[in-house]
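Asker: any chance you could fold what I've pasted below:
(one chain, ligands or ions: 1)
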Amino acid sequence: MTSTQNGDKTTYLDALIVGAGFSGLYMLHRIREAGFATRVFEAADNVGGTWYWNRYPGARCDVESIYYNYTFSEELLDEWTWSSKYAEQPEILSYINYVADKFDLRKDIQFKTRVQTAVFDEKTNRWNVQLSNGESVSAQYFITAVGCLSASNVPKFKGLEHFKGEWYHTGLWPHEGVDFKGKHVGVIGTGSSGIQAIPVIAQKAEQLTVFQRTPQYSIPAHNEANDPEYLKEVRENFSDIRRKMRQSLVGIPISPGEKSALEVTEEERNKTFEEAWKKGGLLAFSYAYNDLTLSPEANETVASFIREKIREIVKDPETAEKLLPDYFYATKRPIIDTNYFETYNRKNVSLIDVKKAPIEEITADGVKTTDKEYELDMIVFATGFDAMTGPLFKMDIRGRGGVSLKEKWENGAATRTYLGIGTAGFPNMFMLTGPESPSVLSNMMVSIEQHVEWVSDCINYMREQNKGIIEVDEPSEIVWSKQCREIADATLFTKTDSWYMGANIEEKARGFQIYLGGVGPYREICDEVAKKGYEGFTLKTTEEKLGI
Ligand code: NA7
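Answerer: Residues are numbered from 1 along each chain as shown. Sure, this is the predicted structure:
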């Protein structure tokens, strides 16, 4: 469906999609079915996005597998069976490959090709895109499906280039695997990735040293094989489950507790928390009461309960003390684990507090803190990502007047979008799960499907109405961004340094870039915008001047 015109080597498309993860694949399927000439460009040599790159030991999804899949195809839902409550990375990657084959998506994906620059041409009203292999593409629509956590962050430690051993980042894990046997391994970072990887590495390595900057709240996942009877029940009731997922706050069909943690007795609260600990799961604690992410006092009730559990599990009191978190519970990504705290009872595991004695440099032989040098054969960086804006800034995206997205958003300090989907000055550009949409604070699958369907409906509408250009009106994004910040400021989320706030990247400005109003209300807002002829956007034929 692509064509080459005027003797040049430019490929002409209706829509160019960047990325072949969950969002890019569904976007391709959806608009290709509607008859648009579409192509996906993907840096990796296969599909999968996050699940292609994050192959570290222990990598799993922390959303229950029955909710973490596409729901757009009944046939697909019937065909696929998840083996466990929380699917592990290889199984999720197999699923994505299965989907790519089932819907014959690969023929319109160009792998091993990075989008380097994308420039909006105001004369043709098209995006001129340069690829890493030297090819050019001209596309009417430029759609980013780059994920929120795909720009891996290896902190700029002095001396890394002199390290004689092997080193890896969890988000760029080698496909052939890594052999820890007989090795002295250091893991830097105790976020979700570190906490999943540490117990697995500890079983294989000779010695494991964990370098922890911020202790974390983590609760047991209680992962288990999926019971066939339960899956049968889920299948039979899936329409109802899907409706509830879509109407919910975070894309999982459960509602938060109705009471404040402070209006019940300590005894009742502890009973509830004890049940949550036994049940496990991402929302077990955050949803126990309605004010845990709003009131510092309510938050402290859950925080102190988990600290007590850590003290009970970890036998060495000094190590236990180092593991006690003190930020507001759930204002960093809540973590679920399998034997994380128990791992510190192993003889071959030690914990170093690098908040107290920060890492000074990586030496030829290991990691040197202000306290001492630790000899290592291997370093695993579980140090996270330049989230939300990072993946977009990896490309040089330029809108009207040659202004780059990075300049417009002042390197992330002044990120402004309308609905997290578009931004003024960048016509015909759509961001799937972009900054200021619910994205990472929701079940990504629900948010991805909602964005893909909204964007494809929009493109269809444009074709029906004979419109060629759609652009966010500046006042709409000012209002939307303000609303996002106000909702976040009313919670405890903005009181903690986290990657939600951009605080994990040294040079990044702080700012909360996620819409916290909930996926259900967000969907209603987006639907209303569409119903009113894409209110807040200006739509024109390609002959009309936008004059924005
Ligand atoms: P995270 O959650 O960003 O965790 C990164 C960890 O690395 C965290 O413990 C950081 O400590 C630590 N870190 C980062 N930079 C440094 C330096 N310079 N020195 C020491 N320690 C450092 O990334 P993950 O990959 O675990 O998880 C990302 C998301 O993927 C997760 O939330 C899920 O949504 C899926 P800090 O807390 O910043 O003090």
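
Asker: could you chop this protein up by domain?
Answerer: The chain is divided into the following domains under automatic domain parsing: 8-151+387-540, 160-381.

Asker: now do the buried residues in the longest helix anywhere in the chain.
Answerer: Ranked by number of residues, the top helix in the chain under DSSP state H is helix 444-464. If you call a residue buried by 16 or more other C-beta atoms under 10 Å, then helix 444-464 has these buried ones: 444-459, 462. Yep, even glycine has a C-beta here, placed from its N, CA and C like the rest.

Asker: swap in stretch 371-382?
Answerer: 374, 376-382.

Asker: is the helix or strand hosting Leu93 in proximity to the ligand?
Answerer: Taking DSSP states H and E as the criterion, Leu93 maps to helix 89-102. No. Helix 89-102 lies out of reach of the ligand by C-beta under 6 Å from any ligand atom, never closer than 11.5 Å.

Asker: please identify the pairing partners of the helix or strand just after that helix and their relative orientation?
Answerer: The element immediately downstream of helix 89-102 (helix or strand, assigned by DSSP H and E) is strand 109-110. According to DSSP bridges, strand 109-110 forms sheet pairs with strand 38-41 (parallel).

Asker: any idea of the mean pLDDT for the strand it pairs with?
Answerer: If you average the pLDDT over strand 38-41, you get 98.

Asker: chain center to that strand: distance?
Answerer: The chain centroid and the centroid of strand 38-41 are separated by 22 Å under C-alpha atoms, centre = their mean, to the nearest Å.

Asker: pull out the buried positions in that strand.
Answerer: By 16+ other C-beta under 10 Å, the buried positions in strand 38-41 come out as 38-41.

Asker: the helix or strand harbouring Trp277 packs against which elements?
Answerer: Secondary structure assignment for Trp277, by DSSP H and E: helix 266-279. When contacts are defined as 3 or more C-beta pairs under 8 Å, 6 or more residues apart in numbering; DSSP states H and E, helix 266-279 sits against strand 218-220, helix 296-313.

Asker: could you pull up phi and psi at the closest residue to the ligand within the stretch 351-500 of the chain?
Answerer: Closest residue of the stretch 351-500 of the chain to the ligand, C-beta to the nearest ligand atom: Gly384 (2.5 Å). Per-residue torsions, Gly384: phi 80, psi -150 (degrees, to the nearest 10).

Asker: quick one: residues contacting it.
Answerer: By C-beta atoms under 8 Å, 6 or more residues apart in numbering, the contact set of Gly384 is 149, 152-153, 171, 189, 191, 193, 499, 504.

Asker: ok, back up a step: just the buried residues of strand 38-41 now: which is nearest the ligand?
Answerer: For the buried residues of strand 38-41, the nearest to the ligand is Val40 (22.8 Å; C-beta to the nearest ligand atom).

Asker: tell me the contacts of the closest one?
Answerer: Taking C-beta under 8 Å, 6+ apart as the criterion, Val40 is in contact with 17-20, 24-25, 27-28, 105, 108-110, 145.

Asker: without its sequence neighbours, what residue ends up closest to Ile448?
Answerer: Spatial nearest neighbour of Ile448, excluding adjacent residues (C-beta to C-beta, 6 or more residues apart in numbering): Ser23 at 4.5 Å.

Asker: pretty sure the one you found is in a helix, no?
Answerer: Yes. Residue state for Ser23 (DSSP: H, G, I helix; E, B strand; the rest coil) corresponds to a helix.

Asker: isn't it up against Met431?
Answerer: No. Under the criterion of C-beta atoms under 8 Å, Ser23 is not in contact with Met431, lying 9.8 Å apart.

Asker: roughly how far does Trp277 sit from Ile310?
Answerer: Note on Trp277: its distance to Ile310, by C-beta to C-beta, to the nearest Å, is 11 Å.

Asker: how far away from the center of its chain is the helix holding Trp277?
Answerer: Distance of helix 266-279 from the chain centroid (C-alpha atoms, centre = their mean) equals 30 Å.

Asker: name the residues that touch that helix?
Answerer: Taking C-beta under 8 Å, 6+ apart as the rule, helix 266-279 contacts 219-220, 222, 261, 264, 284-285, 288-289, 301-302, 305, 309.

Asker: now with 6 Å?
Answerer: Outside helix 266-279, the residues that touch it by C-beta atoms under 6 Å, 6 or more residues apart in numbering are 284-285, 288, 301, 305.

Asker: likewise for stretch 21-39?
Answerer: 1-2, 13-15, 17, 40, 49-50, 103, 105, 108, 143, 145, 147, 432, 448, 452, 456, 460.

Asker: in it, which residues are buried?
Answerer: Buried, per 16+ other C-beta under 10 Å, within stretch 21-39: 21-32, 36-39.

Asker: now swap in stretch 128-145 and tell me
Answerer: Buried, per 16+ other C-beta under 10 Å, within stretch 128-145: 128-131, 137-145.

Asker: can you tell me which of those is nearest Cys526?
Answerer: Using C-beta to C-beta, Ile143 comes nearest to Cys526 of these, at 15.9 Å.

Asker: can you give me the distance of the closest one to the ligand?
Answerer: To the ligand, Ile143 is 23 Å away according to C-beta to the nearest ligand atom, to the nearest Å.

Asker: same question, Lys164
Answerer: In this view, Lys164 and the ligand are 21 Å apart by C-beta to the nearest ligand atom.

Asker: just give me the neighbour total for that residue.
Answerer: 10 (other C-beta atoms under 10 Å).

Asker: what sits closest to it if chain neighbours are left out?
Answerer: Ala364 (4.9 Å).

Asker: likewise for Leu231?
Answerer: In space, Leu231 is closest to Thr81, 6.4 Å off (C-beta to C-beta, 6+ apart).

Asker: what does the pLDDT read for that neighbour?
Answerer: For Thr81, the predicted pLDDT is 97.

Asker: from memory Tyr52 sits against Ala44, does it?
Answerer: Yes. Counting by C-beta atoms under 6 Å, Tyr52 touches Ala44, with 5.0 Å between them.

Asker: who has more neighbours out of those two?
Answerer: Using other C-beta under 10 Å, the more surrounded residue of Tyr52 and Ala44 is Tyr52, with 23 against 17.

Asker: neighbours around the residue of the stretch 101-250 of the chain found nearest the ligand, how many?
Answerer: In the stretch 101-250 of the chain, the residue that lies nearest the ligand is Gly191 (2.1 Å; C-beta to the nearest ligand atom). By the measure other C-beta under 10 Å, the count of residues near Gly191 is 21.

Asker: and the pLDDT at it?
Answerer: So Gly191 comes in at 98 (pLDDT).

Asker: do the one 10 residues further on as well
Answerer: Ile201 is assigned a pLDDT of 98 by the prediction.

Asker: dump the contacts of Gly384 into JSON lines; add secondary structure and distance to Thr417 as well.
Answerer: Below are the contacts of Gly384 laid out as JSON lines (DSSP: H, G, I helix; E, B strand; the rest coil; distance: C-beta to C-beta, whole Å):
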{"residue": "Leu149", "secondary structure": "coil", "distance to Thr417": "18"}
{"residue": "Ser152", "secondary structure": "strand", "distance to Thr417": "23"}
{"residue": "Asn153", "secondary structure": "coil", "distance to Thr417": "22"}
{"residue": "Gly171", "secondary structure": "helix", "distance to Thr417": "24"}
{"residue": "Gly189", "secondary structure": "coil", "distance to Thr417": "29"}
{"residue": "Gly191", "secondary structure": "coil", "distance to Thr417": "25"}
{"residue": "Ser193", "secondary structure": "helix", "distance to Thr417": "27"}
{"residue": "Trp499", "secondary structure": "helix", "distance to Thr417": "18"}
{"residue": "Asn504", "secondary structure": "coil", "distance to Thr417": "21"}
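
Asker: any chance of a PyMOL selection covering the buried ones in those residues?
Answerer: Remark: buried members of those, expressed as a PyMOL selection using 16+ other C-beta under 10 Å:
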select buried, resi 149+152+153+171+189+191+193+499+504
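
Asker: Gly251: which of the contacts of Gly384 is nearest?
Answerer: Distances from Gly251 to the contacts of Gly384, taken by C-beta to C-beta, are shortest for Leu149, at 16.4 Å.
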